[in-house]
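K.L.:
Could you work out the structure for the sequence below:
(one chain, ligands or ions: 1)
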Amino acid sequence: MIRAIVGANWGDEGKGKLTDLLAEGSDLVVRFQGGANAGHTIINEHGKFALHLLPSGIFRPQVINVIGPGVALDPEAFFRELDEVLSRGIKHPSLVISDRAQVLMDFHILLDTLEEERLGRRKFGSTKSGIAPFYSDKFAKVGIQACQLLDRDLLYDRLQGSLVKKNVLMEHLYHHAPLSAEELTEKYYAFGQRLKPFLGDTTKILNDAHKAGKSILLEGQLGALRDPDHGIYPYTTSSSPLAGYAAVGAGLPPYAITEVLAVTKAYSSSVGAGYFPSQLHGDEAEELRKRGGDAGEYGAKTGRPRDVGWFDAVATRYGCLTQGATACAMTNLDVLSYLDEIPVCVAYQLDGNIITHFPATPDLARVTPVYETLPGWKTDVRGVTDEKALPEACRAYVRFIEEKIQTPITLLSTGPRREEIIRRG
Ligand code: GDP
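P.N.:
You can find the predicted model right below:
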């Protein structure tokens, strides 16, 4: 069985917890896109971890963890993260990196940082992890594959070619010292030697596993609204976080993915720039932010306070649609227990009309949310594992949203810990 776990919204929906939970029955866990630019928060018997690049199966000794060719592989971040989990007593995980995965270099991070500074007020809210310059290079065909790190002359040649244009930008646009192909070759050749034991043909590994009937979990990062084609462009990321791309970024037949679990929170949150119609401000926002997530809504990667707001059924229905969700998991249900009543955004108002579709960015920028307000349940539901034990108002809230997003909600998360979960029929 091949299942993708992906985000239905702006990211940070709590995919990490679910991937960790569902990794139990999986033989392989695969990252297929993005890089170290977002974080999954995982709390299990070993403690609390913020994973950025490592697949969430690393805590399970029986799981083979794969970093697919669609991932932005930052060797520095990779080894930093691996060393951190090993130093905290996790057994060395079984881990294979596609030899075709491209390498995110330190100059991608530098270019990302310099560009955000240059943009000033018009910046995109990048995490400055080098993702946009990395994918630009990949599609401009000046990227470097992990396997190319193993050949010093080839690496030097590729770097020299790639640096010609970059150094013009460095000197004349950013007023920064030029980059040296010699220095970079030494640094990344050394990384290549360290990476060598991890590199392999992950496409073969995955297809063999698929043919053998193994269970594979494809782990998405960020969410549907960050997709460069279907999301809130240009406030998107630079690779596709959609389940449809999982087949490509991992290297599996598209028809092999039979389950797409889209994750959404019981309210909305977003970090970074872009539009967020149901966003709250002031005290109401602060209250929800403080109570949200495991220890408040602050980005797992950056520690930035997340924007928070009421559940947006329009955006989430669209998110589930573009993900091709076969089911939905709702997280952070426990967080809403303090509210007397809970608004849910069921439509948008655009130029005096009510719309229920998710419009393209220029229109999205002008919508105002239309709310329906549901009664709160004012009972702590943290840690509840049986749906029948939830207050009726809480169950009604879930049913209401399920109907609005037109996707069955099969999992309800009632706390950040692995065991705080309700499985619905
Ligand atoms: P991801 O990138 O989608 O994995 O999301 P993050 O892990 O960055 O953000 C989700 C936050 O919510 C983290 O702090 C999790 O520990 C926390 N979390 C996940 N599920 C629940 C839940 O059901 N209840 C509460 N209170 N926190 C949760």
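K.L.:
Now do the buried residues in the longest helix seen in the chain.
P.N.:
Longest helix in the chain, counting residues (DSSP state H): helix 152-168. Residues of helix 152-168 classed as buried by neighbour count (16 or more other Cβ atoms under 10 Å): 155-156, 158-159, 162-163, 166-167. (C-beta placed from N, C-alpha, C; glycine too.)
K.L.:
just stretch 389-408 next, same as before
P.N.:
For stretch 389-408, burial by neighbour count (16+ other Cβ under 10 Å) applies to 390-391, 394-395, 397-398, 400-402, 404-405, 407.
K.L.:
What is the longest helix of the chain packed up against?
P.N.:
helix 181-195 (3 or more Cβ pairs under 8 Å, 6 or more residues apart in numbering; DSSP states H and E).
K.L.:
list the buried ones in the helix it packs on?
P.N.:
For helix 181-195, by 16+ other Cβ under 10 Å, it's 181, 184-185, 188-189, 191-192, 195.
K.L.:
swap in stretch 330-349?
P.N.:
Here stretch 330-349 shows 330-337, 339, 342-348 as buried, counting by 16+ other Cβ under 10 Å.
K.L.:
Which of these fall within strands?
P.N.:
330-331, 342-348 (DSSP state E).
K.L.:
Next one: Arg3 from the ligand, what distance?
P.N.:
16 Å (Cβ to the nearest ligand atom, to the nearest Å).
K.L.:
Glu13 now?
P.N.:
From Glu13 to the ligand the distance is 4 Å (Cβ to the nearest ligand atom).
K.L.:
Next one: the residue nearest to that residue when sequence neighbours are not counted relative to Leu18, how far apart?
P.N.:
Nearest residue to Glu13 in three dimensions, chain neighbours excluded: Val263, at 4.1 Å (Cβ to Cβ, 6 or more residues apart in numbering). Going from Val263 to Leu18 by Cβ to Cβ, to the nearest Å gives 6 Å.
K.L.:
returning to that earlier point: spatially, which two of the buried residues of helix 181-195 are the most separated?
P.N.:
Ala181 and Leu195 (19.8 Å; Cβ to Cβ).
K.L.:
Which helix or which strand is home to Tyr135?
P.N.:
helix 131-139 (DSSP states H and E).
K.L.:
Give the other helices and strands that that helix contacts.
P.N.:
Packed next to helix 131-139, using 3+ Cβ pairs under 8 Å, 6+ apart, are strand 72-73, strand 102-103, helix 106-119.
K.L.:
Format these as JSON lines; extra columns: mean pLDDT and mean neighbour count.
P.N.:
Putting the helices and strands packed on helix 131-139 into JSON lines (pLDDT from 0 to 100; neighbours: other Cβ atoms under 10 Å) gives the following:
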{"stretch": "strand 72-73", "mean pLDDT": "97", "mean neighbour count": "28"}
{"stretch": "strand 102-103", "mean pLDDT": "98", "mean neighbour count": "22"}
{"stretch": "helix 106-119", "mean pLDDT": "94", "mean neighbour count": "18"}
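K.L.:
The ligand is nearest to which of these?
P.N.:
Nearest to the ligand, of all these, is strand 72-73, at 16.1 Å by Cβ to the nearest ligand atom.
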